[in-house]
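Chemist: sequence first, then the predicted structure:
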Amino acid sequence: MNIERLLQRIRLGEDSTFELNQVTVRANGKAIEPHADGLSDELAALGNANGGTLVLGVDDKTKAISGIPLEHLDTVEAWLTAICTDRIRPPLDVVTHHLELPGADGQLRAVIVAEVPRSLWVHESANGYFRRVGHARRKLTPDVLARLFQQRSQAHLTRIAEQEVAVPATRLDTGLVASDYPDGNFTR
């Protein structure tokens, strides 16, 4: 991961594939901000769109790198993973990275970068179905949701015409293909 590119994106702010969230952690290590339901909506919205990157430990309004206390880094990652597996259906696979970025005072602060791939599935989060549009999530209307289900279901199909077919009693250099046998009798 290119740190300079990440810092540049943080300076420029959120867009259709980039989300920033500050994390507030209690003394016992339990993350309390952002709310898990809202974060599940953001993550599912990225997966339902073109994928993207979530950075935990950065204020989205000021773009200040507040960080996550090192002693709570694993707890916050476990909380994030639980959101992806327990509050999003089907579960959303994300790749996480622990990084240190310089704060305004030059001190290094830990953040978690979560890469959300464009999913082959349509994901429902705690508050419904969302998609990332610009720098915000938008609830999907029934007709758009139906179209998204249709598009994603077609991505799972492998059409028979696109598959290589092994035809008995032929060689690759004969130039014959399955369509030369419309009746399906390959033994002639």
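Modeler: Done, it's in. The structure displayed is predicted, hence computed values, not measured ones. Numbering: from 1, shown residues only.
Chemist: looking at this, Ile10 is in a helix?
Modeler: Yes - counting by DSSP: H, G, I helix; E, B strand; the rest coil, Ile10 falls inside a helix.
Chemist: these two touch, right, it and Val55?
Modeler: Yes - the criterion here is C-beta atoms under 8 Å, and Ile10 meets it with Val55 at 6.7 Å. Any C-beta I mention is one placed from the backbone N, CA and C, and that applies to glycine too.
Chemist: phi and psi next, for the residue nearest the centre of the chain.
Modeler: Nearest to the geometric centre of the chain sits Val116, at 2.2 Å (C-alpha atoms, centre = their mean). Phi and psi for Val116, reported as degrees, to the nearest 10, are phi -110, psi 120.
Chemist: so who does Leu108 touch?
Modeler: With contacts defined as C-beta atoms under 8 Å, 6 or more residues apart in numbering, Leu108 is in contact with Glu100, Leu101, Pro102.
Chemist: can you select the buried ones from those residues in PyMOL?
Modeler: The buried subset of those, as determined by 16 or more other C-beta atoms under 10 Å, is captured in PyMOL by this line:
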select buried, resi 101
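Chemist: want to throw the contacts of Leu108 into JSON lines with secondary structure and distance to Leu39?
Modeler: Output for those, formatted as JSON lines (DSSP: H, G, I helix; E, B strand; the rest coil; distance: C-beta to C-beta, whole Å):
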{"residue": "Glu100", "secondary structure": "strand", "distance to Leu39": "22"}
{"residue": "Leu101", "secondary structure": "strand", "distance to Leu39": "20"}
{"residue": "Pro102", "secondary structure": "strand", "distance to Leu39": "25"}
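Chemist: just to revisit the earlier point, how far away is the residue nearest to the centre of the chain from His135?
Modeler: 15 Å (C-beta to C-beta, to the nearest Å).
Chemist: returning to what we had before: including distance to Val76 and pLDDT, could the contacts of Leu108 go into CSV?
Modeler: Shown next, in CSV, are these (distance: C-beta to C-beta, whole Å; pLDDT from 0 to 100):
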residue, distance to Val76, pLDDT
Glu100, 14, 97
Leu101, 15, 98
Pro102, 20, 97
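Chemist: and of the contacts of Leu108, the nearest to Val111?
Modeler: For the contacts of Leu108, the closest approach to Val111 (C-beta to C-beta) belongs to Leu101, at 5.6 Å.
Chemist: so what's the closest one closest to, chain neighbours aside?
Modeler: For Leu101, ignoring the flanking residues on the chain, the nearest one in space by C-beta to C-beta, 6 or more residues apart in numbering is Ile65 at 4.9 Å.
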